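Novice: From the sequence below, what's the structure:
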Amino acid sequence: MSYKNILPLLAVFILFFVACSDDNEVDQEKPVINISFVEAFPIQCDTLFFGESFVLKMKFSDNQELGAFSIDIHHNFDHHSHSTEIGECSPHPDKVPVNPYLFINDYPIPEGLTEYDTNLTISIPDGNGMELYEEGDYHFMIKLTDETGWETLKGLSIKMVRR
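Specialist: Numbers count the residues shown, from 1 in each chain. Next up is the predicted model:
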């Protein structure tokens, strides 16, 4: 084979590999929810109070860019499990829900951040206007999503009562 035939073939081969290379790395890491610091709230087995507010204190991080987070507070009167934390809280007796509290909300994180500390005040009503919400065992779920769609879930067992 002559050099005249090899050079065009080699040029096409090099062009193919240069054109197919991807300079953008694919994100393979989930974001992180950190509650391992003194001011973190809530943490496993904490108590929230009906008719009062609390400040959500968590640290979020991601290797590329954070996206958004959501909070889901729902009853755990039947003691189902999706807690991600080690350690059990002393449960109230099982019961059938009549008027449990439910809170589900999404929150954006400002664009371009790889770290974000929450400082969000959340008010918990005492009831729905007709009757008081039921005290007892609840789950506090945090879902954190990064800009590429990876998500991390942290499930906490908490109590919700009145003072």
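
Novice: show me where this protein has helices.
Specialist: The residue ranges that make up the helices of the chain, judged by DSSP state H, are 3-20.

Novice: in it, which spans are strands?
Specialist: Taking DSSP state E to define them, one finds strands in the chain at 32-34, 47-49, 53-56, 59-61, 66-75, 103-108, 115-117, 120-123, 136-146, 151-161.

Novice: Please work out the angle formed by the directions of the last one and strand 66-75.
Specialist: Compare the direction of strand 151-161 with that of strand 66-75 by axes from the mean of the first three to the mean of the last three C-alpha atoms, to 10 degrees and you get 30 degrees.

Novice: Now strand 151-161: buried residues?
Specialist: Of the residues in strand 151-161, those with enough neighbours to count as buried (16 or more other C-beta atoms under 10 Å) are 152, 154-160. C-beta coordinates here come from the backbone N, C-alpha and C atoms, glycine included.

Novice: Looking at those, spot the one nearest residue 99.
Specialist: Sorting the buried residues of strand 151-161 by how near they are to residue 99, with C-beta to C-beta, puts residue 160 at the top with 12.2 Å.

Novice: hang on, residue 140 packs against residue 160?
Specialist: No - using C-beta atoms under 8 Å, residue 140 makes no contact with residue 160, being 9.2 Å away.

Novice: between the two, what contacts are shared?
Specialist: Where contact means C-beta atoms under 8 Å, 6 or more residues apart in numbering, the residues bridging residue 140 and residue 160 through contact with each are 48, 73.

Novice: ok so, going back, among the buried residues of strand 151-161, which one lies nearest to residue 51?
Specialist: Set against residue 51, the nearest of the buried residues of strand 151-161 by C-beta to C-beta is residue 160 (10.7 Å).

Novice: beta partners of the closest one?
Specialist: Partner residues in beta bridges with residue 160: residue 48, residue 136, with DSSP bridges as the criterion.

Novice: Just to check, it is in contact with residue 139?
Specialist: No - under the criterion of C-beta under 8 Å, residue 160 is not in contact with residue 139, lying 10.3 Å apart.
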